[in-house]
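*Asks:* got a predicted structure here, sequence first:
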Amino acid sequence: MKKVIYTDKAPAPIGPYNQAVWANSTLYISGQIALDPQSGELKTEDIRSETHLVMEHLGSILAAAGMDFSDLVKCSIFIKDMGQFSQINEVYGSFFESDPPARETVEVACLPKDVNVEISAIAIK
């Protein structure tokens with residue numbers, strides 16, 4: 001069974017996709033960027049606050065599905081500059097009390113709306 005998960009506490013999709021899809025016991029969360037869900041403005045002043053907002057979006061989507069960060073099993077981080085990895089990693093890591101999920105981090109040439117970081121995730125309940 002497939003169910004679309006949506007919350008107004010995270011940015012509305014900017015294309016033909018959903019914020020997240022629940023399939024059986026697995027939640028697939030689309031890549032999140034630092035887009036303010038109320039104003040629609042990008043928040044990319046510095047990489048730490050940008051990453052923090054992305055993680056807040058993931059948390060809001062998890063909450064809408066009745067889950068939290070402890071339910072994440074896999075994250076994918078896409079960044080424009082691997083030189084910012086340590087700052088992104090520090091913020092990312094602060095969202096996990098213990099047992100963080102599996103993860104890969106990939107440097108890419110360009111991201112949607114020219115942001116610096118995008119994170120997608122998979123959670124299981």
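*Replies:* All right, it came through fine.

*Asks:* show me where this protein has its helices.
*Replies:* Secondary structure of the chain by DSSP state H: the helices cover 47-64, 85-93.

*Asks:* what's the most buried one of those helices?
*Replies:* Per residue and on average, the most neighbours among the helices of the chain fall to helix 47-64, with a mean of 20 (mean count of other CB atoms under 10 Å). Using the backbone N, CA and C atoms, a C-beta is placed for each residue, glycine as well.

*Asks:* and it, average pLDDT?
*Replies:* Averaged across helix 47-64, pLDDT comes to 98.

*Asks:* contacts for stretch 8-21, please.
*Replies:* Residues outside stretch 8-21 that contact it (CB atoms under 8 Å, 6 or more residues apart in numbering) are 2-7, 27-30, 32-33, 35-37, 40, 57-58, 60-61, 63-65, 112-113.

*Asks:* I'd like to know which of the residues you listed are buried.
*Replies:* 5, 7, 27-30, 32-33, 35, 57-58, 60-61, 64-65 (16 or more other CB atoms under 10 Å).

*Asks:* closest to Ile79 among those residues?
*Replies:* The shortest gap between Ile79 and any of the buried ones among the contacts of stretch 8-21 belongs to Ile33, at 11.6 Å (CB to CB).

*Asks:* is it true that that closest one touches Val54?
*Replies:* Yes - counting by CB atoms under 8 Å, Ile33 does reach Val54; the two are 6.4 Å apart.

*Asks:* any shared contact partners between the two?
*Replies:* With CB under 8 Å, 6+ apart as the test, Ile33 and Val54 both reach Val117, Glu118.

*Asks:* who touches Leu27 in this structure?
*Replies:* Ile5, Ala20, Val21, Leu62, Ala65, Met67, Asp71, Ile122, Ala123, Ile124, Lys125.
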